[in-house]
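J.: Just the structure for this:
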Amino acid sequence: MFDQSPFVRERYEDGVAPVAVFVFDAASGRVSHVNAVAARMFDLSEDRLDAARILAFVPELVDGSERSFETRVATRDGEIPCAVSLEWLRGDAPDVRLVTLQPRAVAPGGGLRPRRVERRQSLWTLVVRQGVGGSEQVRAILREAARGLGLERVTLARVERGELVVDFSDGAARDGERVPLATSLERRAVAGPGIFAVLDTALDPEFADVAGHTRAFLSTAFRVGDQRWLLTFSSHEPVREPFDAGDWEYFDDVVEAVARGVERRASDERVERLAYFDGLTSLPNRIALLKRLDDALGEAALGEKRSAVLFLDIDGFKAVNDTVGHRGGDLVLAEIAQRLRGTLRRDEYIGRLGGDEFAIVMPAIAERSEVESIAQRIGGVLTLPFTVEGYRFSLSASIGVAIFPDDAREREELLACADAAMYAAKDEGGSQVRFCEARVGRGEPAAAAAAGGSSETLESPDPGYVLCYQPILGVKTGRVAAVEALVRRIHPVHGLLAPGRGWSIAADHGGRRALDRWVLREASAQVRAWNAAGIPIRVDVNLAAYDLSEIDMLLCDDELGHDARGLRIEISTAQLGGEGGDRFARFTEHCAQSGIGFVLDGFDGSLSGVAAVSHLPIDALKLERQLVEGILVSRTTRAIVEASVLVARSLGWHVIAKGAETAAQRDALVELDCDAIQGFCIAPPMTAADFAAWLDRGNSLEQSA
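T.: Numbers count the residues shown, from 1 in each chain. Take a look at the predicted model:
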């Protein structure tokens with residue numbers, strides 16, 4: 001009768017865990033099949049195979065209905081918790097029952113350890129579960145492991161210079177708490193390899209002084225890269241049943257899973273730091289700052305509160321770079337960042353925009369005095385000397401402030417307000433705070449008010465900027481060779497408006513620089529999008545301020561810096577002379593050294609200024625609109641265009657005829673061997689979406705007639 005049933009051996013004797021199995025006839029009370037585990041558990045023999053003996057141990061079997069339940073069986077080895085399953089064997093013997101009993105190891109506090117197969121499946125299912133990663137995954141693995149071992153608490157800690165730094169604990173320890181290793185329970189686990197276990201600390205004098213309320217624990221050390229970690233499971237109650245080989249194997253699986261989770265978490269944290277933190281100062285970068293600002297504005301809008309954003313530009317920083325070089329300047333910037341961080345209160349948030357510019361988000365303010373207070377704190381920490389390579393520098397900051405919703409209700413307009421206010425503070429000598437004087441709701445567009453420029457009143461109280469693109473088609477290829485980016489304003493009634501039709505470019509430097517920054521970034525982002533779509537088109541841009549720092553900020557942008565070299569800046573020979581000529585010359589030289597190309601715009605046929613720009617990386621010259629308009633009516637104009645083409649070719653430049661309005665003008669320009677044509681006879685300026693649709697329709701030079 002013992003272990004004779006193939007059915008029993010096939011289904012239950014898989015070698016994974018001991019299972020007691022027997023079959024009995026409910027009508028006769030006879031036991032027909034018994035395995036060795038059941039025989040030992042109930043002290044059965046060949047002459048003692050009656051169901052009554054087994055029912056005395058498991059009285060719940062009197063109810064012969066099919067079911068599963070948990071019980072404790074008083075065997076000759078003592079009381080053992082078991083999972084019991086009762087099922088009917090169908091067929092010709094309707095009264096025959098199959099009973100299986102799965103003994104469970106006793107865990108501290110009277111709980112049960114799950115079956116070995118079940119707990120390993122639960123662990124690895126959790127490890128490979130999609131959507132769980134980083135700290136969440138590590139903590140979930142630890143909690144699952146505590147359940148699998150039948151213990152109450154778990155602690156994960158880093159080993160650092162003789163201390164344990166708690167990374168996670170669901171016990172008395174707090175995350176981040178430091179515990180001296182020498183006075184910890186885990187000290188033996190660090191000293192030797194493998195798993196260190198104590199079933200009852202009350203019986204071990206070594207742990208009497210450090211055990212506290214812990215009566216049992218097991219701990220092991222492991223490494224992830226160069227960092228040493230310690231994993232400990234513990235209980236308030238002693239372990240009454242020793243851990244077996246299955247427990248040690250499971251614990252090894254847990255350590256492997258935790259190590260993987262910690263490694264993945266560290267990798268995720270590195271990626272996050274690269275994406276959201278500035279490498280030089282360790283401050284949040286522009287992306288992280290904008291995200292926090294969006295959150296602050298959303299909270300302020302819901303709570304009908306006010307928020308503030310502050311733009312900071314460090315006064316006197318150029319002297320640092322000029323004196324100790326960029327490496328010394330980087331050291332000063334890093335210290336500036338730490339000093340600025342130290343001025344903030346709990347809810348205030350600082351980030352680095354680039355160069356020596358920073359921004360601060362104040363999520364909730366009641367009055368302007370709060371902003372003035374933080375400005376005073378900033379001024380105080382910057383005036384303290386910075387010492388680099390034996391030189392001492394005292395710095396200050398120009399601070400521009402914009403307040404939501406007083407100055408603007410949209411993020412980009414609020415940033416433009418703060419930026420314009422900062423440059424107003426700088427233009428007034430620096431080392432001061434300037435609030436944006438918004439005029440939204442008084443008939444002037446918010447963006448124009450932020451830029452500080454004058455504007456005639458439009459019907460819409462808040463039209464915005466948009467960048468449009470006008471195609472430049474190659475004569476020989478009939479394909480788009482480049483596009484010119486043109487700033488337009490969106491009007492709810494009149495649509496896209498060019499400058500001079502109800503609005504104008506800001507007159508002050510701060511406003512022009514803010515507009516240039518937007519144009520450069522918007523155009524670079526569009527170049528990147530077109531490149532990704534397999535459309536390598538260069539974009540010609542017109543600037544208003546020609547500020548070196550704006551180019552530097554763009555080129556330093558990890559996301560857009562490479563695509564910025566797909567831009568060509570339009571210049572004219574007139575800008576090289578007169579007021580600001582030296583500053584403009586420095587700008588063009590800097591762009592040339594940075595790999596940015598140029599287009600000589602508004603060429604009127606005069607050769608006097610060509611020599612002044614011949615050293616620059618000019619790709620093309622654009623004929624002045626008046627030349628294109630007069631090509632059909634003036635022999636002189638036609639001759640000038642012919643000569644311009646010859647001069648450009650000799651310098652290796654292409655010739656673009658700008659402002660072609662009619663098919664007749666287009667044909668004449670083709671006849672004069674111009675390289676490309678731009679104008680309404682080809683296409684008007686279009687938004688990026690409309691331009692993409694225009695390309696999809698297969699437009700070419702021949703089809704545009």
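J.: so P617 touches F598, yeah?
T.: Yes: using C-beta atoms under 8 Å, P617 is in contact with F598, at 6.4 Å. Every residue, glycine included, has its C-beta placed from N, CA and C.
J.: shared neighbours, these two?
T.: A592 (C-beta atoms under 8 Å, 6 or more residues apart in numbering).
J.: Looking at these two, which has the bigger crowd around it?
T.: More crowded of P617 and F598, by other C-beta atoms under 10 Å: F598, with 22 against 13.
J.: Assign a three-state SS to the more buried one, would you?
T.: Classification of F598 by DSSP: H, G, I helix; E, B strand; the rest coil places it in strand.
J.: tell me the contacts of the closest residue in space to it that isn't next to it in sequence?
T.: Leaving aside its sequence neighbours, F598 sits nearest to I618 (C-beta to C-beta, 6 or more residues apart in numbering; 4.8 Å). Taking C-beta under 8 Å, 6+ apart as the contact definition, I618 lies against 597-600, 651, 653.
J.: by contact count, what packs against the strand or helix carrying R265?
T.: For R265, the element it lies in under DSSP states H and E is helix 245-276. The helices and strands touching helix 245-276, judged by 3 or more C-beta pairs under 8 Å, 6 or more residues apart in numbering; DSSP states H and E, are helix 116-127, helix 134-149, strand 216-224, strand 227-235, helix 286-303.
J.: switch to 10 Å and redo it
T.: helix 116-127, helix 134-149, strand 153-160, strand 163-169, strand 195-198, strand 216-224, strand 227-235, helix 286-303 (3 or more C-beta pairs under 10 Å, 6 or more residues apart in numbering; DSSP states H and E).
J.: can you list these in JSON lines and add distance to P180 and mean pLDDT?
T.: What follows is the helices and strands packed on helix 245-276, written out as JSON lines (distance: least, C-beta to C-beta, whole Å; pLDDT from 0 to 100):
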{"stretch": "helix 116-127", "distance to P180": "32", "mean pLDDT": "66"}
{"stretch": "helix 134-149", "distance to P180": "23", "mean pLDDT": "81"}
{"stretch": "strand 153-160", "distance to P180": "11", "mean pLDDT": "90"}
{"stretch": "strand 163-169", "distance to P180": "6", "mean pLDDT": "89"}
{"stretch": "strand 195-198", "distance to P180": "18", "mean pLDDT": "85"}
{"stretch": "strand 216-224", "distance to P180": "16", "mean pLDDT": "89"}
{"stretch": "strand 227-235", "distance to P180": "13", "mean pLDDT": "90"}
{"stretch": "helix 286-303", "distance to P180": "36", "mean pLDDT": "88"}
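J.: Switch these over to a markdown table, and while doing so, append distance to G29 and mean neighbour count to every line.
T.: Putting the helices and strands packed on helix 245-276 into a markdown table (distance: least, C-beta to C-beta, whole Å; neighbours: other C-beta atoms under 10 Å) gives the following:
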| stretch | distance to G29 | mean neighbour count |
| --- | --- | --- |
| helix 116-127 | 34 | 16 |
| helix 134-149 | 40 | 19 |
| strand 153-160 | 48 | 20 |
| strand 163-169 | 55 | 19 |
| strand 195-198 | 46 | 19 |
| strand 216-224 | 44 | 20 |
| strand 227-235 | 43 | 21 |
| helix 286-303 | 73 | 16 |
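J.: export these to a markdown table and tack on distance to Y349?
T.: Conversion of the helices and strands packed on helix 245-276 to a markdown table gives the following (distance: least, C-beta to C-beta, whole Å):
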| stretch | distance to Y349 |
| --- | --- |
| helix 116-127 | 35 |
| helix 134-149 | 22 |
| strand 153-160 | 28 |
| strand 163-169 | 26 |
| strand 195-198 | 45 |
| strand 216-224 | 31 |
| strand 227-235 | 29 |
| helix 286-303 | 5 |
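J.: Looking at these, which is nearest to E413?
T.: With C-beta to C-beta, the closest approach to E413 among these belongs to helix 286-303: 11.1 Å.
J.: Please pull up the helix or strand immediately following the closest one.
T.: Past helix 286-303, further along toward the C-terminus, the next helix or strand under DSSP H and E is strand 306-315.
J.: what's the model's confidence in that next one, averaged?
T.: What strand 306-315 shows for mean pLDDT is 92.
J.: Which other helices and strands does whatever helix or strand comes next after that strand contact?
T.: Toward the C-terminal end, the helix or strand that comes next after strand 306-315 (DSSP H and E) is helix 317-342. If contacts are counted by 3+ C-beta pairs under 10 Å, 6+ apart, helix 317-342 sits against strand 306-315, strand 349-354, strand 357-365, helix 368-383, strand 386-388, strand 391-393, strand 396-404.
J.: Mind checking these for the one nearest to E160?
T.: Among these, the nearest to E160 by C-beta to C-beta is strand 349-354 (28.1 Å).
J.: Quick one: work out the angle between the closest one and strand 357-365.
T.: 150 degrees (axes from the mean of the first three to the mean of the last three C-alpha atoms, to 10 degrees).
J.: just checking, what packs against strand 349-354?
T.: Applying 3+ C-beta pairs under 10 Å, 6+ apart, one finds that strand 349-354 contacts helix 286-303, strand 306-315, helix 317-342, strand 357-365, helix 548-556.
J.: mean confidence for that strand?
T.: Mean pLDDT, computed over strand 349-354, is 89.
J.: I figured F587 hits I569, correct?
T.: Yes: between F587 and I569 there is a contact under C-beta atoms under 10 Å: 8.8 Å.
J.: Mutual contacts of the two, please.
T.: 543, 546, 551 (C-beta atoms under 10 Å, 6 or more residues apart in numbering).
J.: which one of those sits closest to R223?
T.: Once C-beta to C-beta is applied, the member of the shared contacts of F587 and I569 that ends up nearest R223 is I551, at 46.8 Å.
J.: how about C674, what does it touch?
T.: Residues near C674 by C-beta under 10 Å, 6+ apart: 474-475, 623, 628, 631, 641, 644-645, 648, 654-657, 660, 666, 668.
J.: With L651 instead?
T.: By C-beta under 10 Å, 6+ apart, L651 lies in contact with 600, 610, 613-614, 618, 621.
J.: ok, now with 6 Å
T.: Residues in contact with L651 (C-beta atoms under 6 Å, 6 or more residues apart in numbering): none are found.
J.: One more: A259?
T.: So A259 contacts 222, 224 (C-beta under 6 Å, 6+ apart).
J.: Look up how far V224 lies from it.
T.: Distance, A259 to V224, using C-beta to C-beta, to the nearest Å: 5 Å.
J.: got it, and I360?
T.: Separation of I360 from V224 (C-beta to C-beta): 36 Å.
J.: that older thread, name the nearest of the contacts of C674 relative to Y349.
T.: Using C-beta to C-beta, I656 comes nearest to Y349 of these, at 46.6 Å.
J.: low pLDDT regions in the stretch 351-500 of the chain?
T.: Confidence mapping of the stretch 351-500 of the chain against pLDDT under 70 gives the ranges 437-464, 490-497, 500.
J.: how about 90 then?
T.: By pLDDT under 90, the weakly predicted segments of the stretch 351-500 of the chain are 353-356, 364-385, 387-397, 406-413, 416, 419-468, 475-481, 487-500.
J.: Provide a list of residues in contact with S234.
T.: Per C-beta under 6 Å, 6+ apart, neighbours of S234: 153, 214, 217.
J.: Fine by me, thanks again.
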